[in-house]
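Asker: Any chance you could fold what I've pasted below:
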Amino acid sequence: MATEKLKFKIELFSTMWDLPPQVEILINDKSFYKNSISATEEAPEVIEFEHETEEGNEYNLQIKLFGKQTNQTVVNEKGDILNDQLLNIKNIEIDEIDIGSLVYKGEYTPEYPQPWAAQQAESGNTLPKSLQNVTQMGHNGTWQLKFTAPFYMWLLENLY
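Answerer: Numbering: from 1, shown residues only. This next block holds a predicted model:
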């Protein structure tokens, strides 16, 4: 089987008022980065690493937000969010190719905090198990993009 070594360049930034979001980046459960992100949109944190893929296999790029506590979201009496901790995906390049709008094919699976999730259910709001078209994460959870090797074939099949 043919293999290819892919270069990943991921730009992340945070929106925060108190503590920076904690992030882990993985491919198929192999961790490449685990740290907090306090960078801004103007000067995002750039995480670069390489991963070898094997032709015919599926891979799962994951960006996990973890460790966010409920006190990081400050809400007034009316329910308006005054302050929050958010993780933002600014850009993803794979093998020096900006994947552009393909970032929106990623799927974000939030871990909704209690008691908020229970309150939403009681008031008749069904929270989605996962979301697409998301580049901003506000709950602990995982954003993931699945792709196959060879990457260029997957890219051509998914561009249009």
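Asker: just checking, residue 14 touches residue 35?
Answerer: No: assessed by C-beta atoms under 8 Å, residue 14 is found out of contact with residue 35, at 11.5 Å. The way it works is simple: take the backbone N, C-alpha and C, and place the C-beta from them, glycine included.
Asker: Tell me which of those two has more neighbours.
Answerer: Neighbour count, other C-beta atoms under 10 Å: between residue 14 and residue 35, residue 14 has more, with 21 against 12.
Asker: Residues in a beta bridge with the more buried one, which ones?
Answerer: For residue 14, the residues forming beta bridges with it (DSSP bridges) are residue 87.
Asker: Show the contacting residues for it.
Answerer: Residues near residue 14 by C-beta atoms under 8 Å, 6 or more residues apart in numbering: 20-21, 37-40, 85-88.
Asker: Can you tell me which of those are buried?
Answerer: Among the contacts of residue 14, the ones that count as buried by 16 or more other C-beta atoms under 10 Å are 20-21, 37, 39, 85-88.
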